[in-house]
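K.L.:
give the three-dimensional model of this entry:
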Amino acid sequence: MAQLQDLKDEASSKRLAPLSSEELQEAREIRIKEIKMGKIIREIIFYLIFLNLTMLICFGEHDPDIFHMHKSMRNMFVQAGYNGRMRFTKIHGREDFWNYTENVFIPTMYSNSWYNGEPDIPGRTEHSLADKSMHLVGTARFRQLRIKHDICAIPETMINKTQDCRAPYSITDEEDVDFDEGWKAVNQSAKPNYKVQPLAVWKYHSWYNISSFPYLGKHALYNGGGYLADLGISPEESLRVAAYLRENMWVDQYTRAVFMEFVVYNANINMYTTSFLLVEFLPQGGHLRPLHSLLPHQRDP
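P.N.:
Numbers count the residues shown, from 1 in each chain. As a prediction, this is how the structure comes out:
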């Protein structure tokens, strides 16, 4: 740029003839280099801004205790480190789901003893988990999503082989009506009282009523609503709920997903963990590798 200005000044002062083609070409190349350099500098500045924002999101306000809490939760509920032998990732069907629920999930969720072996006296219950450092907030619950009956057509050549058509899950084909016990149609003249247990597990709840949101699994995008089954405040009560659900086929061939949802709190580090375990059931009766989400976070300063 300085050279171009010098040439202009010299031409103006001496009233020389217009620049030659070689001089114009040189001036043009200098200007192109300046434009390219400006673009490079802008790209470097935007990249540094992006890098700083990325590091701020990834590492800003990131408590090192989050890793240890996530590891402990995974050890308890995914790896079955305290109770039972059925790992969460080894659930292959409905029987495995109930085996995991009764022998791993519920015993791990409720610890009835302290470090020294003394029982947790009723009335002084701390709702501590198996690791004795975390505490259950409220109660755990199961949320089921299922499909409607007869929403797919059976080919004529297969009608003599089967009368049952099981479609994959989709939000548009999701079952969203209330049922009587055992997924029976409701008698309109004698409707069940869904305000009491255990009949409440047969009532459908929309995502808006339970403040839940859709979740993308491996097989489908699942709605935030569903049929809710709240577990109890003790292992005995929770096992009774699980036994009732199992005996009445709460999870059957039309079930496509079950979310096991709960929140725990660790007073030692003042941290919550919002957790859910997702089991997906395929229409063919197979399974997908279960998913889990364990999200430690701090709500209080």
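
K.L.:
mind checking which helix or strand L56 is in?
P.N.:
Secondary-structure assignment from DSSP states H and E places L56 in helix 21-59.

K.L.:
show the average pLDDT along that helix.
P.N.:
Averaging pLDDT along helix 21-59 yields 87.

K.L.:
in the helix or strand following it, what counts as buried?
P.N.:
Of the helices and strands lying after helix 21-59 in sequence (DSSP H and E), the nearest is helix 65-77. By neighbour count on 16 or more other CB atoms under 10 Å, the buried set for helix 65-77 is I66, M69, S72, M73, M76, F77. To be clear about C-beta, it is placed using only N, CA and C from the backbone, and glycine gets the same treatment.

K.L.:
the helix holding L56 packs against which elements?
P.N.:
Judged by 3 or more CB pairs under 8 Å, 6 or more residues apart in numbering; DSSP states H and E, the packing partners of helix 21-59 are helix 2-14.

K.L.:
thinking again about what came up before, out of the buried residues of helix 65-77, the closest to T108 would be?
P.N.:
The shortest approach to T108 among those belongs to M76, at 5.0 Å (CB to CB).

K.L.:
for the closest one, give me its contacts.
P.N.:
Y82, T108, L129, A130, D131 (CB atoms under 8 Å, 6 or more residues apart in numbering).

K.L.:
what strand or helix carries the fourth one?
P.N.:
Using DSSP H and E, A130 is not contained in any helix or strand.

K.L.:
next one: phi and psi at the nearest residue to it once chain neighbours are set aside?
P.N.:
In space, and not counting its chain neighbours, A130 is closest to Y82: 3.8 Å by CB to CB, 6 or more residues apart in numbering. Torsion angles at Y82 (phi, psi; degrees, to the nearest 10) stand at phi -120, psi -40.

K.L.:
does Y82 touch S128 like I think?
P.N.:
No. Using CB atoms under 8 Å, Y82 is not in contact with S128; the gap is 11.9 Å.

K.L.:
higher neighbour count, these two?
P.N.:
S128 (19 against 16; other CB atoms under 10 Å).

K.L.:
look up how far T108 lies from that one.
P.N.:
Here S128 is placed at a distance of 11 Å from T108 (CB to CB, to the nearest Å).

K.L.:
repeat for R74
P.N.:
R74 is 12 Å from T108, by CB to CB.

K.L.:
sec struct for M249, please.
P.N.:
Here M249 is recorded as coil under DSSP: H, G, I helix; E, B strand; the rest coil.

K.L.:
so for it, what's the pLDDT?
P.N.:
94.

K.L.:
so it makes contact with W183?
P.N.:
Yes. The pair M249 / W183 is scored as a contact, 7.0 Å apart, by CB under 8 Å.

K.L.:
more neighbours: which of the two?
P.N.:
Comparing M249 with W183 by other CB under 10 Å, the one with more neighbours is W183, at 17 against 13.

K.L.:
quick one: the helices in the stretch 51-200 of the chain?
P.N.:
65-77, 94-100, 106-109 (DSSP state H, counting those that start in this stretch).

K.L.:
residue ranges in this protein under the pLDDT threshold?
P.N.:
1-17, 59-62, 113-117, 120-126, 159, 161-163, 286-287, 299-301 (pLDDT under 70).

K.L.:
show me it divided up by domain.
P.N.:
Domain ranges of the chain: 2-52, 66-297, per automatic domain parsing.

K.L.:
any chance of the ones you listed in TSV, plus distance to C58?
P.N.:
Formatted as TSV, the domains of the chain follow (distance: least, CB to CB, whole Å):
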stretch	distance to C58
domain 2-52	11
domain 66-297	12
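
K.L.:
please identify the most buried of those domains.
P.N.:
Most buried of the domains of the chain, by mean neighbour count (mean count of other CB atoms under 10 Å): domain 66-297, with a mean of 16.
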